[in-house]
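Student: fold the following for me, if possible:
(4 chains)
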2 protein chains.
Amino acid sequence: MRSRDGRPAVLMDVAVLAGVSAMTVSRVLNAPDRVRAETRARVLAAVQELDYRPNQAARQLVTGRSGVLGVVSIDTTLYGPASTLYCIEQAARNAGFNVSIASLPSLSRRSMEEGVERLRDQAVDGVIIVAPHESAADGLRHLPAEMPVVAVDAGDDIPVPVAKVDQRTGAARATRHLLSLGHRTVWHVAGPADWLDANGRIEGWRGVLESADRPVPEVLRGDWSSRSGYQLGQQLARDPEVTAVFASNDQMALGVLRALREAGRRVPEDVSVAGFDDIPESAYFWPPLTTVRQDFHEVGRHAFHLLLDRMAGASVDARRLVEPELVVRESTAPAPAPAPEA
Amino acid sequence: MRSRDGRPAVLMDVAVLAGVSAMTVSRVLNAPDRVRAETRARVLAAVQELDYRPNQAARQLVTGRSGVLGVVSIDTTLYGPASTLYCIEQAARNAGFNVSIASLPSLSRRSMEEGVERLRDQAVDGVIIVAPHESAADGLRHLPAEMPVVAVDAGDDIPVPVAKVDQRTGAARATRHLLSLGHRTVWHVAGPADWLDANGRIEGWRGVLESADRPVPEVLRGDWSSRSGYQLGQQLARDPEVTAVFASNDQMALGVLRALREAGRRVPEDVSVAGFDDIPESAYFWPPLTTVRQDFHEVGRHAFHLLLDRMAGASVDARRLVEPELVVRESTAPAPAPAPEA
DNA sequence: TCGGCGGCTGTTAGCGTTATCGGCAAGGGG
DNA sequence: CCCCTTGCCGATAACGCTAACAGCCGCCGA
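Tutor: I've put the predicted structure just below:
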């Protein structure tokens, strides 16, 4: 049922129908226990009957809060960001927030600031930034001060709370796993140079090799795509020294697998391969991929709660590290016996 | 620079600084040509100097428009919905809209209506629904009438504009391709029964088999996951009759590939396999997967423009079909010679 | 009996914008 | 010379809600 000749009911309509003042209706909705039970019931009945919905714009105009959170993110088509976004959204919904998104067309500081601006103009109550790039870090240092912001997977030297997966530990675990299988060293197919995740994994990998006193092969730079993994894999396949490869994500690992196979090198008998992410498909690669599972959902949840804290005034240097987990499958195996003449 | 002791500048501050009335400032922002160039310049200078940003809530309160579009979608972690969402967002941004999302935790009509409600309460100007389910169709028939809505990948008998990929044609192409390679018939690993896409593909597949007068094997139901493809693939691998399999998405095709290989059946020499979607990885499966490419981006764009039209009052039964494209790679090959005793 | 206090509800005054109407000056036609 | 138009701008009144204060009533203790 509607009042006012078909336009949606407003607070005043409810008040009239319930025989109370507008303020009382407002109270019923925002602080129910400050209204006598009987009155409250009458008001709620009126609300129901008129199918009344509070006008958020009006409420926001006076309270200054919109109940909307913003997420600015790079390519939400990628598995990681998509999962993180999804989980942020779930957490936010449960807490009564809506979520607006701003996908970044590029990785520049400028583009990131544009995304934040757009959200700010929309008057979001806070922003979560999913932009694991060096260049983004730059932007994160020049944010409008009054806006609560947290970052996902950002560096450590920025003035906003950060939720992230501990990339170094993850990479270290994968690398140690390969060494423990008897491989002399481990080659690394990395992600793009401006991705923090990529660099964190390089550090983890290199750290283990160095402290175990192993040779550190040159880093091979991919771009996260299977194609790049394939191309670099072809390179690796030519070198008979290579018995263990750690790829910085599962897609590149897939490319490596294919390149090795095409070159006649068996996985895992001749070469072991490990990935990173544990995308749902990797258990069905051939062979099933040993990889490092990142709990993106956990990261999303953490990010959301950090933002909540931040909005409540918490300090700017909170950090939330999520531990990744090594998932051993069939793409890694003991190193082949050294060639006879060695 | 700020005015009013540090709080953000409002329209009135700009007006005072520029020596004009508030209304004139408003006009400069919304209908620039109705203001003398000189005045406009003065106002714009003041805007700049005060770093003035219009308060959207106030504007919305009086105009009734928010400049925000809503997208309600199932699991945005899946490749298809994620791509569609991404592209909707791009298109919306370019047209000056923001986008809010509501991911659905379940596929029920109720859950979908909840998503729409949430967005409606947020006062979005329109909604795009990405919920390719039978159950969603039900909900689509009971939407608040005054809200502009378009659907992605929905059925045909609903009262909202629809943008979708022509699933039947896609499936038909894959099936015809396999028949043309000499296979007697084609087995089908389908998606969940309540997904429209899954059913559309079944129809396309069945249609081709029937009109070519081939036996129609029983449909095998998966759940889109590689795991389900793997399990059903094991079943298929046991049947020596099976020489061609069409899976309803690439993930399940991956599972099928693995099951066949484990059972000792070579792909494509013994069995041909085709998928659907053309996810970025499928070119690096082993063997590289023949599949049907869906242009999700195109769908996203269409959906957005349909919504724009709808908001402008266009009819409710607009339809936009996107043609999918067969991508032939190495997982399909001519049928093996019939067994000697046949 | 009265002041005071606590529980409940109403009144008033904005929040920052745009719609609407109206005014004023300059210019053009009768 | 006057009237009417046209171009530009300003005053006022909403839009729908809540913060802040004010008022009423009944009950308590003094």
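Student: state the pLDDT value of the spatially most central residue of chain A.
Tutor: Centroid check for chain A by CA atoms, centre = their mean gives residue A:84 as the closest residue, at 3.5 Å. pLDDT, residue A:84: 93.
Student: what's near enough to touch it?
Tutor: Applying CB atoms under 8 Å, 6 or more residues apart in numbering or on different chains to residue A:84 gives the contacts A:73, A:130, A:152, A:296, A:299-300, A:303. In short, each C-beta sits where N, CA and C put it, glycine included.
Student: poorly predicted segments of the stretch 1-150 of chain A, please.
Tutor: Applying pLDDT under 70 to the stretch 1-150 of chain A flags residues A:1-5.
Student: would you map the helices across it?
Tutor: Here the stretch 1-150 of chain A has its helices, by DSSP state H, counting those that start in this stretch, at A:11-18, A:22-30, A:37-50, A:56-63, A:79-94, A:109-121, A:134-140.
Student: just these: most buried one?
Tutor: Highest mean neighbour count among the helices of the stretch 1-150 of chain A (mean count of other CB atoms under 10 Å in any protein chain shown): helix A:79-94, with a mean of 23.
Student: so that helix versus helix B:79-94, what angle?
Tutor: Between helix A:79-94 and helix B:79-94, the angle formed by their directions is 80 degrees, by axes from the mean of the first three to the mean of the last three CA atoms, to 10 degrees.
Student: keeping just the C-alphas, turn helix A:79-94 into CSV.
Tutor: Extracted C-alpha coordinates of helix A:79-94, given in CSV (Å, rounded to 0.1, in the frame of the first residue of the first chain):
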residue,chain,number,x,y,z
TYR,A,79,41.5,-15.1,-9.2
GLY,A,80,43.2,-13.4,-6.2
PRO,A,81,41.5,-10.0,-6.4
ALA,A,82,38.2,-11.6,-7.3
SER,A,83,38.2,-13.8,-4.3
THR,A,84,39.3,-11.0,-2.0
LEU,A,85,36.6,-8.8,-3.3
TYR,A,86,34.0,-11.5,-2.9
CYS,A,87,34.9,-12.0,0.7
ILE,A,88,35.1,-8.3,1.5
GLU,A,89,31.6,-8.0,0.1
GLN,A,90,30.3,-10.9,2.2
ALA,A,91,31.8,-9.5,5.4
ALA,A,92,30.5,-6.0,4.6
ARG,A,93,27.0,-7.2,3.9
ASN,A,94,26.8,-9.1,7.1
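Student: and the angle from that helix to helix B:109-121?
Tutor: Using the same axes, to 10 degrees: helix A:79-94 against helix B:109-121 is 80 degrees.
Student: chain center to helix A:79-94, what's the gap?
Tutor: Centroid separation for helix A:79-94 versus its chain: 8 Å, with CA atoms, centre = their mean, to the nearest Å.
Student: hang on, the earlier thing: now, which of the contacts of residue A:84 lie within strands?
Tutor: With strands taken from DSSP state E, the overlap with these comprises A:73, A:130, A:152.
Student: reformat those residues into CSV and put distance to residue B:158 and neighbour count next to each item.
Tutor: Shown next, in CSV, are the ones in strands among the contacts of residue A:84 (distance: CB to CB, whole Å; neighbours: other CB atoms under 10 Å in any protein chain shown):
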residue, distance to residue B:158, neighbour count
A:73, 31, 27
A:130, 34, 29
A:152, 37, 27
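Student: closest one to residue B:102 out of those residues, please.
Tutor: The closest of these to residue B:102 turns out to be residue A:73 (CB to CB; 16.6 Å).
Student: which residues touch residue A:162?
Tutor: Contacts here follow CB under 8 Å, 6+ apart; on that basis residue A:162 touches A:150-156, A:306, A:318-320.
Student: which PyMOL command selects the buried ones in those?
Tutor: The following PyMOL line selects those of the contacts of residue A:162 that are buried, judged by 16 or more other CB atoms under 10 Å in any protein chain shown:
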select buried, chain A and resi 150+151+152+153+154+155+306+318+320
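Student: with the contacts of residue A:162 in mind, which one is nearest to DNA strand C?
Tutor: If you rank the contacts of residue A:162 by distance to DNA strand C using CB to the nearest atom of the strand, residue A:150 comes first, at 26.0 Å.
Student: ranges for the helices of the stretch 151-300 of chain A?
Tutor: Using DSSP H, counting those that start in this stretch, the helices of the stretch 151-300 of chain A run over A:167-180, A:196-211, A:226-238, A:250-262, A:296-311.
Student: with just CA atoms, put the first one into CSV.
Tutor: Read that as helix A:167-180. Output of helix A:167-180 as CSV, limited to C-alpha atoms (Å, rounded to 0.1, in the frame of the first residue of the first chain):
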residue,chain,number,x,y,z
GLN,A,167,54.3,-14.1,0.5
ARG,A,168,57.9,-14.6,1.7
THR,A,169,56.9,-17.5,4.0
GLY,A,170,54.8,-19.0,1.3
ALA,A,171,57.6,-18.9,-1.2
ALA,A,172,60.1,-20.1,1.4
ARG,A,173,58.0,-23.1,2.1
ALA,A,174,57.7,-24.1,-1.5
THR,A,175,61.4,-23.6,-2.0
ARG,A,176,62.4,-25.6,1.1
HIS,A,177,60.0,-28.3,0.1
LEU,A,178,61.9,-28.6,-3.2
LEU,A,179,65.3,-28.6,-1.6
SER,A,180,64.2,-31.2,0.9
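Student: list the helices and strands it packs on?
Tutor: Judged by 3 or more CB pairs under 8 Å, 6 or more residues apart in numbering or on different chains; DSSP states H and E, the packing partners of helix A:167-180 are helix A:196-211, strand A:244-247, strand A:272-274, strand A:291-293, strand A:325-327.
Student: buried residues in that helix?
Tutor: Neighbour-count burial for helix A:167-180 flags A:167-179 (criterion: 16+ other CB under 10 Å).
Student: export those residues to a markdown table and tack on distance to residue B:276 and pLDDT?
Tutor: As requested, the buried residues of helix A:167-180 are exported to a markdown table (distance: CB to CB, whole Å; pLDDT from 0 to 100):
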| residue | distance to residue B:276 | pLDDT |
| --- | --- | --- |
| A:167 | 34 | 96 |
| A:168 | 39 | 96 |
| A:169 | 38 | 97 |
| A:170 | 33 | 97 |
| A:171 | 35 | 98 |
| A:172 | 39 | 98 |
| A:173 | 36 | 98 |
| A:174 | 33 | 98 |
| A:175 | 37 | 98 |
| A:176 | 40 | 98 |
| A:177 | 35 | 98 |
| A:178 | 36 | 98 |
| A:179 | 41 | 98 |
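Student: ok, the residue in the stretch 201-342 of chain A that DNA strand C sits nearest to - contacts?
Tutor: Residue nearest to DNA strand C within the stretch 201-342 of chain A: residue A:311 (19.4 Å; CB to the nearest atom of the strand). Counting by CB under 8 Å, 6+ apart, residue A:311 touches A:125-126, A:148.
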